[in-house]
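**Student:** fold the following, please.
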Amino acid sequence: MKVRALFVGMLLASTTALPARAGEPITLKVSPAVSFAPANLVVRTTIPSDAANRAVEIIAESSDFYRSSEIELEGDKAARTNTFEFRSLPPGTYEVRATLYGASGKRGEVRQRVNVIASGAGDR
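**Tutor:** Prediction:
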């Protein structure tokens, strides 16, 4: 039983993002961290209000799959939290990246790994 608990703890530790330190330009939370295919991932970014913020790009990428989404931000008038949803992702280990852009280029980037497991119902 202890071995199983240790394994699950290691799996969860490898799929969760570390909390951001104060003053970072963007944070990321992806849920669920582990799911069965076809998976729906909810990606939540938190961006402190700043007049320099222009856009945020979210990418979900595995060795066989790529999907991205980008929205424009209205600087310090933009919503602090943005939610993205990636639907029907096939099996794989995904790196989900959130990149914040300003007028002069990249302002910050965060990453989180998630696992989408084949359900056994024909997923490959």
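**Student:** and the helix or strand containing residue 114, which strands flank it?
**Tutor:** Residue 114 belongs to strand 105-117 when elements are defined using DSSP states H and E. Next to strand 105-117 in the sheet, as set by DSSP bridges, lie strand 34-36 (parallel), strand 92-102 (antiparallel).
**Student:** residue contacts, residue 89?
**Tutor:** 37, 38, 39, 40, 41, 60, 62, 65, 67, 116 (CB atoms under 8 Å, 6 or more residues apart in numbering). All C-beta atoms are positioned from the backbone trio N, CA, C, and that covers glycine.
**Student:** that one bridge partners, please.
**Tutor:** residue 39.
**Student:** shift numbering so it begins at 764
**Tutor:** With 764 as the first residue, the last one maps to residue 852.
**Student:** if I look at it, how far off is residue 872?
**Tutor:** Counting by CB to CB, to the nearest Å, the separation of residue 852 from residue 872 is 21 Å.
**Student:** kindly report the same for residue 802.
**Tutor:** Here the distance between residue 802 and residue 872 works out to 23 Å (CB to CB).
**Student:** what's the answer for residue 813, then?
**Tutor:** If you go by CB to CB, the gap between residue 813 and residue 872 works out to 15 Å.
**Student:** how about the strands paired with strand 868-880, which one is nearest residue 787?
**Tutor:** With CB to CB as the measure, strand 855-865 is the member of those nearest residue 787 (9.7 Å).
**Student:** what does the strand holding residue 877 contact?
**Tutor:** With CB under 8 Å, 6+ apart as the contact definition, strand 868-880 has outside contacts at 774, 777-780, 783, 787-793, 795-800, 802, 804, 815-816, 825, 852-864.
**Student:** how many neighbours does residue 840 have?
**Tutor:** For residue 840, the count of nearby residues is 9 (other CB atoms under 10 Å).
**Student:** roughly how far does it sit from residue 825?
**Tutor:** Distance of residue 840 to residue 825, given as CB to CB: 35 Å.
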